[in-house]
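[1] Coordinates only, no sequence provided:
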């Protein structure tokens, strides 16, 4: 019977001699079995430094078992001879309980045939080595095409490997916190990348991506992803659902073909660093003003000259019954879902716009662009153009002629 865990062996005689114990535990395999020559049941503790292992006889030799923290995968075995304490930690809870039960039976002299024993032999080096948590690959020749990645990986970089897709073996690394697949040939992201429940940082810089799927925005990435780098791709637009990634702090979208940002980007309340340089943005969405950033880079976008006096009027008077109903649903925050409404109606409600007065509007509105000083949403602003400007056009919606007239009056007064 074998138990992978961390082990620390300390002698109880050391304090009396003025010496200190070994300190932190080491990765080990603890085995319960008979030595090749026979002679009772022994406990073998094998580490990477000493794979043959230290052996301790068990019959009538256990002074005490400390199992208060067994539910945390911890236990201590106190032996009579030699006078040592064997501290076990980071063990599988179920396997640890079984192992301790077998040790008790061995101490009482239970028949060896009734115990789950194994031949005491040195474990493989891979069994006692510290699990690998980080791997960096920067060329195709070093990429392990013929083998899988260690399941213990928490950080993986596979750059400049000419990968056309994300391998399924990567998608199975459930402990992965940081994934860097920059500078490859990836054209499409699999939906299953959303199953990486621990993923906090994702870099896809320098690939051939044309989209970022809505399904990914509704996956477990909503609760885990904090940093996303999609720069140097071919993305023209991000889905409205992108704003479901509420934990995002860092977002890089430089050097794409973006013609717009998600119109509810203001919902990314945790976002602090945003870079969307060298894209094709004509203006910023209405909710952009709700952001609270530390750093903002919008350099190199062909922003249009704002003109509040030339609105795009799509207001229908009187309002349709659908517009009235939809506005009431949003304004009164009535719950809705695809279980009670057709999916296309839910989509329309999700795409509702917010007037300056705080009321909602959907297909009936007045639209115009106004000037926004970017320092109102960010502490540090990279110049928008070579002329030293830190202003950009902001799309603004109005739910009625009254709201637009009030805005127009204030605007004309401010420029007099």
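    Nice, thanks for sending it over. Small disclaimer: the values here were computed from a predicted structure and weren't measured.

[2] could you pull out the helices for this structure?
    With DSSP state H as the criterion, the chain has helices at 93-107, 125-128, 168-171, 214-217, 221-224, 321-331, 343-350, 401-414.

[3] Now the weakest link among the ones you listed, please, by mean pLDDT.
    Lowest mean pLDDT within these: helix 125-128, at a mean of 70.

[4] which residues sit against it?
    Surrounding helix 125-128, the residues in contact under the criterion CB atoms under 8 Å, 6 or more residues apart in numbering are 4, 27, 28, 29, 46, 47, 48, 51. Any C-beta I mention is one placed from the backbone N, CA and C, and that applies to glycine too.

[5] Also stretch 322-340?
    Stretch 322-340 has contacts (CB under 8 Å, 6+ apart) with 316, 319, 346, 348-349, 352, 359-364, 399.

[6] Now render these as TSV, adding neighbour count and distance to residue 60.
    Conversion of these to TSV gives the following (neighbours: other CB atoms under 10 Å; distance: CB to CB, whole Å):
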residue	neighbour count	distance to residue 60
316	11	92
319	18	89
346	15	71
348	15	78
349	18	74
352	19	77
359	15	82
360	20	79
361	25	83
362	20	81
363	16	85
364	21	88
399	25	85
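
[7] quick check, nearest of the residues you listed to residue 80?
    The shortest separation between residue 80 and any of those is 70.4 Å, and it belongs to residue 346 (by CB to CB).

[8] how near is the closest residue in space to that closest one that isn't next to it in sequence to residue 344?
    In space, and not counting its chain neighbours, residue 346 is closest to residue 338: 5.4 Å by CB to CB, 6 or more residues apart in numbering. In this view, residue 338 and residue 344 are 10 Å apart by CB to CB, to the nearest Å.

[9] Out of the contacts of helix 125-128, give me the one that has the most neighbours.
    With neighbours taken as other CB atoms under 10 Å, the top of the contacts of helix 125-128 is residue 28, carrying 28 neighbours.

[10] That one and residue 47 touch, don't they?
    Yes - here residue 28 reaches residue 47: they are 4.7 Å apart, a contact under CB atoms under 8 Å.

[11] Could I get the pLDDT score of residue 313?
    On the pLDDT scale, residue 313 is placed at 93.

[12] what about it, how many neighbours?
    Other residues within reach of residue 313, judged by other CB under 10 Å, total 13.

[13] Give the residue spans of the protein that score low on pLDDT.
    By pLDDT under 70, the weakly predicted segments of the chain are 15-23, 37-38, 128, 416.

[14] Apply 80 and report the result again.
    Within the chain, the ranges that satisfy pLDDT under 80 run 14-25, 35-39, 111-114, 116-119, 121-131, 414-416.

[15] so what are the domain limits for it?
    Domains of the chain are assigned by automatic domain parsing as 134-257, 313-376+394-414.

[16] list the contacts for residue 192?
    When contacts are counted by CB under 8 Å, 6+ apart, residue 192 is found next to 168, 171.

[17] now residue 85
    Contacts were defined as CB under 8 Å, 6+ apart; by that measure residue 85 touches 9, 10, 12, 76, 77, 78, 79.

[18] do you know how far it is from residue 63?
    9 Å.

[19] quick one on the thing from earlier: quick one: which of the helices of the chain is nearest residue 69?
    For the helices of the chain, the distance to residue 69 is smallest for helix 93-107, at 10.3 Å, taking CB to CB.

[20] buried residues in the closest one?
    96, 97, 99, 100, 102, 103, 105, 106, 107 (16 or more other CB atoms under 10 Å).

[21] Quick one: residues contacting the fifth one.
    Residue 102 sits next to 1, 32, 115, 116 when contact means CB under 8 Å, 6+ apart.

[22] shouldn't the second one be in contact with residue 43?
    Yes - using CB under 8 Å, residue 32 makes contact with residue 43 at a distance of 6.1 Å.
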